[in-house]
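build me a model from this:
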Amino acid sequence: MLNSRWIGPLLLVAVVSACATGNTFKDVSPRIPPLPLAQGRLYVYRSGDAPTTLAPPVSLAGIEVGAGKPASFFFVDRDPGRYELRVADDAAHALPLKLDAGQTHYVRLEIRSGLTGDYLVPVDVSEVDSAKEILPLDYSGVPLSKRRIARALPLPAP
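Here you go, the predicted model:
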């Protein structure tokens, strides 16, 4: 029979073990393939500090590339060009991006409140700021073993 003084610590160990997925950016980054020389990389992430479970689709140039899940990140590699990143087809808050070959770009999804409820807005973030924010987040993209080079048509130059 377990002594009652051990129940608390055992529960704590069980909870902490359940949270330790080994899927965080820090854990996954060594397995992320190198950026192809002729493409650019876009990391999209969302912190876990917002109280909502909202996880809308995220699209780049009209193609769904991931979901805005709480406390997670994903990345896509694309040919150089001008793109538009949208969350849940929200044209009013679309983020225009210019992706160059060899460039890594970071976008944070920030929660905003409106008259009809909460929604996510993509925000351009510097590499320095994103480096500390993305470390504890879980990878939610295509399994790394199944990734292929993807090509999407960039937007025409203005």
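
pretty sure D27 belongs to a helix, no?
Yes. Membership of D27 in a helix is supported by DSSP: H, G, I helix; E, B strand; the rest coil.

distance of it from S130?
Using Cβ to Cβ, to the nearest Å, D27 is found at 17 Å from S130. Where you see a C-beta, it was placed from the backbone N, CA and C, and this is true even at glycine.

same question, E64
22 Å.

can you pull out the strands in the chain?
With DSSP state E, the ranges of strands along the chain come out as 40-46, 57-60, 63-67, 72-78, 81-87, 95-99, 104-114, 117-125, 138-139.

quick one: buried residues of the second one?
Right, strand 57-60. By neighbour count on 16 or more other Cβ atoms under 10 Å, the buried set for strand 57-60 is V58, S59, L60.

isn't the last one right next to V76, touching?
Yes. The pair formed by L60 and V76 meets the contact definition of Cβ atoms under 8 Å, at 6.3 Å.

any common contacting residues for those two?
Shared contacts of L60 and V76, defined by Cβ atoms under 8 Å, 6 or more residues apart in numbering, are found at L42.

as a markdown table, the buried residues of strand 57-60 with pLDDT would be great.
Output for the buried residues of strand 57-60, formatted as a markdown table (pLDDT from 0 to 100):
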| residue | pLDDT |
| --- | --- |
| V58 | 96 |
| S59 | 96 |
| L60 | 95 |
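
make CSV from the strands of the chain and add distance to R31 to it.
As requested, these are exported to CSV (distance: least, Cβ to Cβ, whole Å):
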stretch, distance to R31
strand 40-46, 15
strand 57-60, 22
strand 63-67, 18
strand 72-78, 12
strand 81-87, 25
strand 95-99, 23
strand 104-114, 16
strand 117-125, 23
strand 138-139, 9
